[in-house]
Every structure is written in structure tokens, then in C-alpha cells.
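Asker: Any chance you could fold what I've pasted below:
(4 chains)
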There are 2 protein chains.
Amino acid sequence: MSSSKPPSPRTEPAAVPAAVVNRLSLYLRELQHLVQHGIQTISSSQLGERLGFSDAQVRKDLAHFGNFGHPGVGYRCDELISEIRRILGTDRRWSVALVGVGNLGRALLGYRGFAPQGFALAAAFDSDPAKIGGRIEGVEILPMDRLSEVVAERHIDLGLIAVPAADAQTAADRLVAAGVRGIVNFAPLALVLPDGVSQVGVDLARELEQVAFAVASRLRSGQTNGQ
Amino acid sequence: MSSSKPPSPRTEPAAVPAAVVNRLSLYLRELQHLVQHGIQTISSSQLGERLGFSDAQVRKDLAHFGNFGHPGVGYRCDELISEIRRILGTDRRWSVALVGVGNLGRALLGYRGFAPQGFALAAAFDSDPAKIGGRIEGVEILPMDRLSEVVAERHIDLGLIAVPAADAQTAADRLVAAGVRGIVNFAPLALVLPDGVSQVGVDLARELEQVAFAVASRLRSGQTNGQ
DNA sequence: GTCTGTGAAAGTGTTCACAGCG
DNA sequence: CGCTGTGAACACTTTCACAGAC
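Answerer: Coordinates of the predicted model:
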């Protein structure tokens, strides 16, 4: 995330920790999965156990936003799904623009997991003239200089950046200038964005580094230490 | 991450928080970027500022692992890069297996960001007979029933799972049985893995949900104010 | 009895602020 | 001086434990 953080003068009424929002997404996936299997209610301890959290954690997370549970029963899955979607803002449709139609961009255009969560890839842009005019998964590849116009026209609020690292900041600047208010950035660098525009960075090599560290740590402690 | 967590009997010598390891990756990227631009040393405050962290945060994170700084000077970039790579375990080459050669799998095979960080995609598997035998980015697509054999043969330690959600757990089980000790899972569900095998989950829709929440929150507080 | 929601306690992580080194 | 490394203070998160609802 980004936005202003350092100058935090007074305690705002309800600043929800990013970690809570992250877990909300996990709860949502699990609930959607449960519903598909015909399960109608679930307790905080059952939900937590499936995801590796404590029951109290689940209840506290949800308590940030209201009282959704039913004492003696648990949570009704469909009800809680609606509530979490409302909290996350995915009870409506979000139009998303993709910038960069390389390997990763194409995969994002074809990804089936966006639509069920309320995200529609409504436009794709690339700077390569050879790609422009082509269609991938029904989405036409447009030139960068039409970005501003199309983002406004199609009421696009979020952007996906899948360009090489060197071009990512420029892509972000264009999206922001066009009115986009949130960006998921797949380039391995931190974007500099104005206040009021959120970013989430996804660095594929970083994800591998995290597991590599865990594995390397285990190897080290396994060799040098008892447990 | 996964591994055992609930039954944590005694305080281990140095349990490094996952958040620290995450930031280590960010520091590493930034340092690599700085070196490319000819910068040789950097202070904790400069490094932190570029990534949105405090100077103390940077120093504390690094202090978990040793004394890498030079008072009055800062950190020497190339030195710190080596140290962080050693800590993360990426001072050596990791062989990685990909399971699932769909849109996303192909993008991962073609991703240029893995090699510079020490990760080599050494094998790719798919269950679709039509794909088997094909080559993508120089990597041959192999059938699932050769997974165990090839993982052993090529000394593969990490796996990337890019199959549909319904097949992800099976893919994980096969990788684990073959000896893989860490998995990055792109399917939107939590894998059940034995102790000693780490996982990092990357759910693309979840990343969008995180920015959607931030944007929606800003809209709400901007429109209604009070809350 | 089961399960939620929630204050209070425990535990973690972050920032402060300064001694000490180059 | 500038900057690191670090104990101490602070803030935040998680867990505990129990009153109240079904």
C-alpha cells in the first residue's frame, strides 16, 4: 500500500491494519470454496484452522467491521461472503487496465480468477507497434497514447503494470494522470506515487526468495543445531 | 510461510520475522538498482526513504544478521548485496520446477527476473498430453508421471504451482513426495503441506482486492467523512 | 452445550535516542 | 561531524478468557 503514512498526527477513528485486509481476502476465498461444497455455516475456529489462524484472530478481524456472527451457530457463509465483499469493495464491478502485454501481461489477460472477484480487464496497452491492434482474450491491444482517453471513457479505476522495470514508473505516471487510483505493480521496484493512489507490489523473484530463505534456514539449523 | 507454528514449545535462538525477510528482498532490489547506477555506498536513512521505511527499521532489520554497516559511511552496496544474498540463501543457484504450463506457467517460464536472483527453471510439467514434448523458452514440457524422477535427477528444491485450483493440492503432494522443500503457489487456496515444507501463496485476485479496499476506503471516507 | 464479541494480558514489532566508532 | 548499532520506550497485534446470546 502507499498513501501518506509517516506524518500520522492523531489516531484516526478506524485505521484497519493491512494484515487484517489481507486475511479478509483469505477468509473470502475459503468461504467461497465452502459454499461450493454446500457448507452453509462455519465457526471461527473451523475457518481459522483451515488457514492456520486462531479462532480469536478470525473473530477480532471481523469485529473491526461489525457483528456478523451468530452465537451458538457460527457465521453463515453466504452472509459473511457478502459482508467481506462489501468491506473490500468488491461488491461492485471494478474496471482494470493492463499496461504491458508481454508474457506476463498475456497471462493476466487470460487469468480466470479476476472475474469471479469482480475485476474486469477492460483495456490493455502496449508501446510495441507490432502488438497494437491485436486481440488477446477478446481485449484489443491499444497504443499508449490512447491510455488517458480510454481510461476515462471506460471508467477504469485500477491498473496492472506488467512492463519491464525501466518503464514501470512511466507507465504508473500515465495511469495516475489518467485518473487511476490503485495499481498492482509486477515490476521489481517501488513506484513513486502521489498521495491518494495505492500500490501493491508483486515481485515474482521475491516470492521465491521468501521460500528460499525458509528452506535455507531449515538446512542451516538442521546442520548446526538440534532442531 | 507454513511449517510448524502452533506448537512452539521454547523460544528458538533467532526466529526472524517474515516481515523482516520480506524487507530484505526489497533492500536487495534497491541495492542492485543503485549499483547499476554507479552508487557505491548508502546510509540507512537514504535506503529507507526510497522504500518508505525509517532509518531505524533498516538498521534493526540488518542487525538481526550481523554488523554490515560502517559508522560514518553507511553500507557499501556490493558488500550488503552479498550479505543479503547469503542470508536469503540466494548466493547459490536454486533449481525450480514448474507445474502447470497454462497462460501463467508460460509467463513464468519466460520471466527474466528469476535468473538474476539465482533461480533457474529447470523443469516444467503438465498433465495435458497435447502440451507434452513441446518446448517453451528452451524448457521441455514433461508429463506429470516423470516428475518424481526428474526432480531427483536435476536436484530441484523449489516448486512453482500454476495449475487450476482443483489440481493444486495434488500437484503439491507430488512435488513434496519428490523431495521439494519450498513451494510458491499461484492457485487461490491454502495448500496443506507437511512440516518442513514452506509455502508462499500468490493470489492475483487478492492483490487486486487489497488495492480495491484501499481505494474504496478512500472513497468512503472522502464522501461520508466521519467514519 | 456451542459459539460469538470483547476487554485485559501477553507478546511482537517499530521507533526513539544516544553511546561509540570511523 | 555522520552514521551505525542497540537498549529502552512505545505502539501495535495476537492470544487469553469469559460474559452473554442462541
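Asker: Need the single longest helix in chain A, by residues.
Answerer: In chain A, taking DSSP state H as the definition, the longest helix is helix A:204-224.
Asker: Would you mind naming what in chain A lies close to DNA strand C?
Answerer: Chain A comes close to DNA strand C at residues A:43-45, A:55-56, A:59-60, A:62-63, A:67-75, as judged by CB under 7 Å from any atom of the strand. (Each C-beta comes from the backbone N, C-alpha and C, glycine too.)
Asker: Pull out the buried positions in the longest strand along chain A.
Answerer: Ranked by residue count and defined by DSSP state E, the top strand of chain A is strand A:119-126. By 16 or more other CB atoms under 10 Å in any protein chain shown, the buried positions in strand A:119-126 come out as A:119, A:121, A:122, A:123, A:124, A:125, A:126.
Asker: Pick out the residue in chain A sitting closest to DNA strand C.
Answerer: residue A:69 (2.5 Å; CB to the nearest atom of the strand).
Asker: Show the pLDDT at that residue.
Answerer: pLDDT for residue A:69: 96.
Asker: Once you drop chain neighbours, what's closest to it?
Answerer: residue A:75 (5.1 Å; CB to CB, 6 or more residues apart in numbering or on different chains).
Asker: which SS state does the one you found fall under?
Answerer: strand (DSSP: H, G, I helix; E, B strand; the rest coil).
Asker: Does residue A:52 touch residue B:190 like I think?
Answerer: Yes - the criterion here is CB atoms under 8 Å, and residue A:52 meets it with residue B:190 at 7.0 Å.
Asker: Please name the residues that touch residue A:57.
Answerer: A:23, A:48 (CB atoms under 8 Å, 6 or more residues apart in numbering or on different chains).
Asker: mind checking which helix or strand it is in?
Answerer: Assigned by DSSP states H and E, residue A:57 belongs to helix A:55-63.
Asker: anything in that helix sitting right up against DNA strand D?
Answerer: Yes - Helix A:55-63 is in contact with DNA strand D by CB under 7 Å from any atom of the strand, via A:56, A:57, A:59, A:60.
Asker: Flag the shaky bits of chain A, pLDDT-wise.
Answerer: For chain A, the stretches with pLDDT under 70 are A:1-14, A:222-227.
Asker: separation between the closest residue to residue A:101 other than its chain neighbours and DNA strand D?
Answerer: Spatially, and ignoring its direct neighbours in sequence, residue A:101 is nearest to residue A:126 (4.3 Å; CB to CB, 6+ apart). Going from residue A:126 to DNA strand D by CB to the nearest atom of the strand, to the nearest Å gives 38 Å.
Asker: Surely residue A:126 touches residue A:109?
Answerer: No - contact criterion CB under 8 Å: residue A:126 and residue A:109 do not qualify, at 11.1 Å.
Asker: Need the overlap of contacts for the two.
Answerer: Listed as contacting both residue A:126 and residue A:109 by CB under 8 Å, 6+ apart are residue A:101.
Asker: Please, which helix or strand holds residue A:173?
Answerer: Counting by DSSP H and E, residue A:173 is found in helix A:165-178.
Asker: ugh, wrong one, residue A:163
Answerer: Per DSSP H and E, there is no helix or strand for residue A:163.
Asker: can you give me the strands in chain A?
Answerer: A:41-42, A:75-76, A:94-99, A:119-126, A:135-136, A:139-143, A:158-161, A:182-185, A:198-201.
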